[in-house]
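Peer 1: Quick one: sequence and predicted model below, then my questions.
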Amino acid sequence: MNKKTITIMLAYVGVLTGAGLASGQELLQYFVSLGLPGIAGIAVVGLLHMLIGGLILQLGSHYLANDHSDVFDEITNKFISKFIDLSLIFTCFVVGFVMIAGAGSNLNQAFGTKTWMGALICAILVIGIGMLDFSKVSKIIGSFTPLIIAFTILASIYTFIKFDPNWTDLESVALRLPSNFNNIGLSVVNYFGMCIMTGISMAFVLGGDEINTKEAGKGGLLGGLIVGILGVLIVLTLFIRIDDVGNLDIPMLYIVGELSPILGTIMSVVIFGMIFNTAISLFYALARRFSSGSEKRFRVILIGLTLAGFILSFAGFKELVSIFYPIIGYIGMVMLLVLVFAYFREREAISHESKKRFAMTHYMRKKFDEDKDYTKEDASKFKKLVKSSIIDDKLIAQKAEERAKEQIDNDSDD
């Protein structure tokens, strides 16, 4: 697995974790509140994350997507594409300001600061870091991922060792929590639809930055596996500690803080980072959607959207999650059907295109590797491959060159 795949994997986990896992609030409302069946439900979600994650990033890579419309314009008709486009615009903005609200709640619970102050810090960071080039943004998005994995495992081990749960008593407490669903099947599909709706715009862009479709798919598959494992661990941890965390905005922060005040402080920063990851992913993808390739317009749109999100975040984190997440989840259920159908319809074309790109990269390696001989025949074959690609000639040639140079650099580092 190359460095680019690892970057994609960690960034994909970072995008999904902020909106669906890091705080624990979402899992309380969707799964813990349903009792013991909720544990089985989150395990099913983990499997879906693996399967669909790989599928989404492959589609993004196949079309070298710069925003979500690059994919949906190709795989659906104009009416469905427009509906999904508008739905994703709505989702990106709504979940973006929900994340800003969550950042405020996180710092309020950890340090007692005013909620608006944490929200403002998050908004400023989204604007500032969003101005960087995409490769730096994706690395920043993935940078907090190892930490949330470590803290989740730590909190889970601590809970599993210290507490001897009475599952029947815990379930009776969990069932008294407010829940949007009484049916575990609907909760699973709606929650997963919500996760995909919040992550798909940036997931397509992450996939679109990788010319190798198989590597992009591998990043999504492994990223989905990590998200699935984290989800199961967090639900089990929250279920066992339901008496203590059932009414908290950020329950995972409380559990880690119980281990050590220092760890609690670090965890608050990590959760803030994961929430920020999702916020910047959504606002970044949305600004790209409307910028039409203009960097100046992108910056203006990013600032405007983020400031609007900051103002709307004053409605409160827990309340916003309970209102908007189910709505987004229902829309996501429709989009999932579209994605799965489109992938299986395009699977053969994706395989053919992938082989062409492998050959293109091979010829570019010969061109830029000083130890290899790049002949006129190689150049002619490369040109034919470029012409036969579904992607614009100039763009696919540029991506092949970049990938070849990355491979050569990686070989020299080993």
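Peer 2: Now that the structure is in, tell me what you want to look at.

Peer 1: CA atoms for contacts and neighbours, from now on please.
Peer 2: Fine.

Peer 1: and the residue nearest to Asp243 when sequence neighbours are not counted, how many residues sit next to it?
Peer 2: Distances taken as C-alpha to C-alpha, 6 or more residues apart in numbering place Val173 nearest to Asp243, at 7.1 Å, with adjacent residues excluded. Number of residues near Val173 (other C-alpha atoms under 10 Å) recorded here: 17.

Peer 1: Now do Val173, the pLDDT please.
Peer 2: Per-residue confidence (pLDDT) for Val173: 93.

Peer 1: got it, and Ser322?
Peer 2: At Ser322, the model reports a pLDDT of 83.

Peer 1: Also Leu132?
Peer 2: Leu132 is assigned a pLDDT of 78 by the prediction.

Peer 1: what's the spacing between the residue nearest to Asp243 and Thr265?
Peer 2: Taking C-alpha to C-alpha, to the nearest Å as the measure, Val173 falls 28 Å from Thr265.

Peer 1: so Ile226 touches Val13, yeah?
Peer 2: Yes. Ile226 lies in contact with Val13 (C-alpha atoms under 8 Å); the separation is 7.1 Å.

Peer 1: Give me the more crowded residue out of the two.
Peer 2: Higher neighbour count among Ile226 and Val13: Val13, with 33 against 21, using other C-alpha under 10 Å.

Peer 1: secondary structure class for Leu132?
Peer 2: The local conformation at Leu132, judged by DSSP: H, G, I helix; E, B strand; the rest coil, is coil.

Peer 1: and it, how far is that from Thr5?
Peer 2: According to C-alpha to C-alpha, Leu132 stands 21 Å off from Thr5.

Peer 1: When the two are compared, which one has more neighbours?
Peer 2: Comparing Leu132 with Thr5 by neighbour count (other C-alpha under 10 Å), the higher total belongs to Thr5, at 23 against 11.

Peer 1: Nearest spatial neighbour of that one, chain-adjacent residues omitted?
Peer 2: Take Thr5 and drop its neighbours on the chain: the residue closest to it by C-alpha to C-alpha, 6+ apart is Gly219, 5.3 Å away.

Peer 1: same question, Leu282
Peer 2: Nearest non-adjacent residue to Leu282, counting by C-alpha to C-alpha, 6+ apart: Cys92, 4.9 Å away.

Peer 1: For the helix or strand harbouring that neighbour, buried residues please.
Peer 2: When elements are assigned from DSSP states H and E, Cys92 belongs to helix 78-111. Neighbour counts over helix 78-111 (16 or more other C-alpha atoms under 10 Å) mark 81, 84-85, 87-89, 91-110 as buried.

Peer 1: and what of stretch 40-58?
Peer 2: Buried residues in stretch 40-58, counted by 16+ other C-alpha under 10 Å: 41-58.

Peer 1: go on, stretch 353-361?
Peer 2: The neighbour-count check on stretch 353-361 (16+ other C-alpha under 10 Å) flags 353-354, 356-361 as buried.

Peer 1: where does Pro165 land in three-state SS?
Peer 2: Following three-state DSSP, we place Pro165 in the coil state.

Peer 1: need the contact list for the residue lying closest to it once chain neighbours are set aside.
Peer 2: Spatial nearest neighbour of Pro165, excluding adjacent residues (C-alpha to C-alpha, 6+ apart): Ile240 at 6.0 Å. If you count contacts by C-alpha atoms under 8 Å, 6 or more residues apart in numbering, Ile240 has them with 159, 163, 165, 167, 170.

Peer 1: Give me the buried subset of these.
Peer 2: 159, 170.

Peer 1: Is it possible to get TSV of the contacts of Ile240 that adds pLDDT?
Peer 2: Output for the contacts of Ile240, formatted as TSV (pLDDT from 0 to 100):
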residue	pLDDT
Thr159	92
Phe163	92
Pro165	90
Trp167	93
Leu170	93
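
Peer 1: so which of the contacts of Ile240 comes closest to Val321?
Peer 2: The closest of the contacts of Ile240 to Val321 turns out to be Leu170 (C-alpha to C-alpha; 23.6 Å).

Peer 1: ok, that closest one touching Phe239?
Peer 2: Yes. Leu170 is within contact range of Phe239, at 6.9 Å (criterion: C-alpha under 8 Å).

Peer 1: For Thr278, give its distance to Met333.
Peer 2: 20 Å.

Peer 1: now do Met131
Peer 2: 33 Å.

Peer 1: Could you do Gln58 as well?
Peer 2: 20 Å.

Peer 1: Ile323 now?
Peer 2: Applying C-alpha to C-alpha, the value for Ile323 to Met333 is 17 Å.

Peer 1: Between those two, which is the more surrounded one?
Peer 2: Per other C-alpha under 10 Å, whichever of Ile323 and Met333 has more neighbours is Met333, with 19 against 11.

Peer 1: Phi, psi for Ile250 please.
Peer 2: Torsion angles at Ile250 (phi, psi; degrees, to the nearest 10) stand at phi -120, psi 80.

Peer 1: try Gly316
Peer 2: Dihedral angles for Gly316 - degrees, to the nearest 10 - are phi 110, psi 140.

Peer 1: Next: Pro178.
Peer 2: According to degrees, to the nearest 10, the main-chain angles of Pro178 amount to phi -70, psi 140.

Peer 1: burial measure for it, as a count.
Peer 2: When neighbours are defined as other C-alpha under 10 Å, Pro178 has 15 of them.

Peer 1: isn't it right up against Tyr30?
Peer 2: No. Using C-alpha under 8 Å, Pro178 makes no contact with Tyr30, being 9.4 Å away.

Peer 1: ok, which stretches of the stretch 1-150 of the chain are helices?
Peer 2: Under the criterion DSSP state H, counting those that start in this stretch, helices of the stretch 1-150 of the chain are mapped to 3-20, 25-30, 37-62, 68-75, 78-111, 115-130, 134-143, 145-162.

Peer 1: what about the ones you listed, which gets the closest to Ser187?
Peer 2: Of these, nearest to Ser187 by C-alpha to C-alpha is helix 25-30, at 6.1 Å.

Peer 1: now for the closest one, which elements pack on it?
Peer 2: Helix 25-30 makes packing contacts with helix 3-20, helix 184-208, helix 213-240, helix 317-368 when contacts are defined by 3 or more C-alpha pairs under 8 Å, 6 or more residues apart in numbering; DSSP states H and E.
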